[in-house]
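# Okay, here's the prediction I keep looking at, along with the sequence it came from:
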Amino acid sequence: SSKKNSKDAYSSTEKYWKQNKCPLCPYITGSNPHYIDHLMGHVTGPPIQCPVCRRCFASKHSVQEHLLFHTKRKPYQCLVCNQHFNLKGTRQRHMRIHSGENRFQCLECSKLFFRMEHLLTHYHTQHKWSAEYIDSL
């Protein structure tokens, strides 16, 4: 059922975030590559600081990727609608909109979302669902 699918997707999103909490510091991320990169920073040496905002990263590559936010460069273009993105992964996630994959449906109003986070926000803001209520389904 769609109710079960939405609950399963919610639960897997919660587990995904919980699995990416650093055991050595307060760092948490939803990205496995960023999590691994962060953990390597604990092993390989001191963090590398962004020269603009002083945020710390575990690798030079991560700092270079982060700097795209400061420069406003968006080198990755959607092949369908020509929208530009600063990160390759953001473009890939955007492309799902065009392909129709990974749709999450609201159990109350049937509205479709391409990202679980957006569905959860919708539940909380439009239908006033709490995380406890979603877990109880």
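Okay, I see it. All figures in this text were calculated on a predicted structure; none of them were measured in a lab.
# how about the helices in this protein?
In the chain, the helices defined using DSSP state H lie at 2-18, 32-44, 60-71, 88-99, 116-126, 131-136.
# per-residue pLDDT, residue 79?
Each residue has a pLDDT score; the one for residue 79 is 91.
# Can you tell me the number of residues neighbouring it?
For residue 79, the neighbour count with other CB atoms under 10 Å is 9. Every C-beta, even on glycine, is put in place using the N, C-alpha and C of the backbone.
# quick one, what contacts it?
Residues near residue 79 by CB atoms under 8 Å, 6 or more residues apart in numbering: residue 95.
# Identify the residue nearest residue 69 in space, chain neighbours excluded?
Excluding the flanking residues, the one nearest residue 69 by CB to CB, 6 or more residues apart in numbering is residue 86, at 6.2 Å.
# thinking again about what came up before, mean pLDDT for the helices of the chain: which is lowest?
helix 2-18 (a mean of 49).
# What is the neighbour count of residue 111?
Residue 111: 12 neighbours (other CB under 10 Å).
# ugh, typo on my part, it should be residue 61
Neighbours of residue 61 (other CB under 10 Å): 11.
# what separates it from residue 41, distance-wise?
12 Å (CB to CB, to the nearest Å).
# now residue 21
15 Å.
# out of these two, which sits in the busier spot?
Between residue 21 and residue 41, counted using other CB under 10 Å, the more crowded position is residue 41 (21 against 12).
# can you pull the contacts of the closest residue to that one other than its chain neighbours?
The spatially closest residue to residue 41, leaving aside those adjacent along the chain, is residue 58, at 2.5 Å (CB to CB, 6+ apart). Shown in contact with residue 58 (CB under 8 Å, 6+ apart): 37, 38, 39, 40, 41, 42, 44, 47, 48.
# One more: residue 61?
residue 37.
# Please repeat the previous calculation with a cut-off of 10 Å.
37, 48 (CB atoms under 10 Å, 6 or more residues apart in numbering).
# Could you check how far the spatially most central residue of the chain is from residue 108?
Geometric centre of the chain, nearest residue: residue 30, 5.3 Å, by CA atoms, centre = their mean. To residue 108, residue 30 is 25 Å away according to CB to CB.
# which residues do residue 61 and residue 41 both contact?
residue 48.
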